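K.L.:
Any chance you could fold what I've pasted below:
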Amino acid sequence: RPAAYHKLQAGLDAKGNLTSWKHRAASPSIGIFYSGTNISAGEAAGVDSLDFPAYSVPNLRLEFAVADTGMPLGYWRSVDDSGNQFVRSCFLDEAAHAAGRDPVEFLLDTLGPARKIDLGPNNGTIDVGRRRAVIELVAEKSQWKSLLPAGKGRGLGFMYGWGTYVAQIAEVTCDSKRGRVRVDRVVCAIDCGTCVNPLGVEAQMQSAINFGLAQTLKSEITVSNGRVNQSNFNDYKVLRMNEAPPIIEVHIINNNERPGGVGEPGVPPIAPAVANAVFAATGKRLRRLPIRPADLTES
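P.N.:
Alright, predicted model coming up:
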């Protein structure tokens, strides 16, 4: 995925409610790369503006600037959502802790009451009630508020896209002295509308979680003198079987809504879920991917 830089600011009132959100992002645009410059700002942008009306934030500003690096781009599983949801879910967790509030309760209050929001022609609607339901379900199934031993933590990540609502909670063990993170358990809740093949949905979520964990913990591409340094899987690391979470639970909310996609929405929540879990375990904030040992060992 292309490099991106995000700068965010949030405002809280005296009761710890989110009252303002400013998000500025700069990255290459895959829309421009494949379609040329004659596209709308929304098509070029990388901050997922269609997602934001689902929040009850009275003061909102989204900005996007194209930063062309000259590197060719390709479609990675979940495309720009993978990076953007890492930023958004992590920053909401930061805002919750700044407000002294539980991250799940803070997010539900920020989403506001159940309602449907029309996103305009060709963009469908966001059903906030369905979005709340996956967050409430994943919190219940993960036993969100139960105590964990020292060095362990839980974190939340969430996603709306392709007509599907997903929330994930990761449970991790951290060894700050050695700079190691072990993902022990991932609980995933998904509402993809009418579920035709539950086993297929479960398999897609499991594969998406492991795919996203590789990006979170290992996979990295670096460039020197205009050339990519990595050449194959010997130096571009992916997740191995012994590194996958021993427990991945997938809970499906089935209903009569129009079927949504399941191939991509399971990827974006896992990186922020892990990063927020690391913060819960260690107090260290992670603001770049993949997670490096120095991110855990540095004071």
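
K.L.:
how near is Arg288 to Val138?
P.N.:
25 Å (CB to CB, to the nearest Å). Every residue, glycine included, has its C-beta placed from N, CA and C.

K.L.:
Sorry, wrong one. I was asking about Pro53.
P.N.:
Pro53 is 22 Å from Val138, by CB to CB.

K.L.:
And for Leu12?
P.N.:
Relative to Val138, Leu12 is positioned 25 Å away (CB to CB).

K.L.:
Looking at those two, which is more packed in?
P.N.:
In this view Leu12 and Val138 are compared by other CB atoms under 10 Å, and Val138 has more residues nearby, 27 against 17.

K.L.:
quick one, strands of this structure?
P.N.:
For the chain, strands defined by DSSP state E occupy the ranges 5-12, 18-27, 59-66, 116-118, 125-127, 152-161, 164-175, 180-191, 223-224, 227-228, 247-252.

K.L.:
Would you reformat the ones you listed as JSON lines and include distance to Lys237?
P.N.:
Formatted as JSON lines, these follow (distance: least, CB to CB, whole Å):
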{"stretch": "strand 5-12", "distance to Lys237": "24"}
{"stretch": "strand 18-27", "distance to Lys237": "23"}
{"stretch": "strand 59-66", "distance to Lys237": "30"}
{"stretch": "strand 116-118", "distance to Lys237": "40"}
{"stretch": "strand 125-127", "distance to Lys237": "36"}
{"stretch": "strand 152-161", "distance to Lys237": "22"}
{"stretch": "strand 164-175", "distance to Lys237": "19"}
{"stretch": "strand 180-191", "distance to Lys237": "14"}
{"stretch": "strand 223-224", "distance to Lys237": "17"}
{"stretch": "strand 227-228", "distance to Lys237": "14"}
{"stretch": "strand 247-252", "distance to Lys237": "20"}
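
K.L.:
Mind checking those for the one nearest to Leu239?
P.N.:
Leu239 sits nearest to strand 180-191 of all the strands of the chain, at 9.7 Å, using CB to CB.

K.L.:
what's the angle from the closest one to strand 164-175?
P.N.:
Interaxial angle, strand 180-191 versus strand 164-175 (axes from the mean of the first three to the mean of the last three CA atoms, to 10 degrees): 160 degrees.

K.L.:
ok, and for strand 180-191, which residues are buried?
P.N.:
By neighbour count on 16 or more other CB atoms under 10 Å, the buried set for strand 180-191 is Val181, Val183, Arg185, Val186, Val187, Cys188, Ala189, Ile190, Asp191.

K.L.:
And the pLDDT for the second one?
P.N.:
On the pLDDT scale, Val183 is placed at 97.

K.L.:
cool, the fourth one as well?
P.N.:
pLDDT for Val186: 98.

K.L.:
residues in contact with it?
P.N.:
Residues in contact with Val186 (CB atoms under 8 Å, 6 or more residues apart in numbering) are Gln168, Ile169, Ala170, Glu171, Ile209, Pro245, Ile247, Ile248, Glu249, Ile270, Ala273.

K.L.:
Ok, the second one next?
P.N.:
If a contact means CB under 8 Å, 6+ apart, then Val183 has Ala170, Glu171, Val172, Leu213, Leu217, Pro245, Val274 as its contacts.

K.L.:
My read is that the first one contacts Val274, right?
P.N.:
Yes. With contacts counted by CB atoms under 8 Å, Ala170 reaches Val274, the gap being 4.7 Å.

K.L.:
joint contacts of these two?
P.N.:
Joint contacts of Ala170 and Val274 (CB under 8 Å, 6+ apart) are Gly155, Gly157, Val183.

K.L.:
Could you report the separation of the residue nearest to the first one when sequence neighbours are not counted from Arg285?
P.N.:
With CB to CB, 6 or more residues apart in numbering as the measure, Asn276 is the residue that lies nearest to Gly155, at 2.8 Å, once sequence neighbours are left out. As for Asn276, its distance to Arg285 is 9 Å (criterion: CB to CB).

K.L.:
related to what we said a few turns ago, which one's more surrounded, Ala170 and Val274?
P.N.:
Ala170 (32 against 29).
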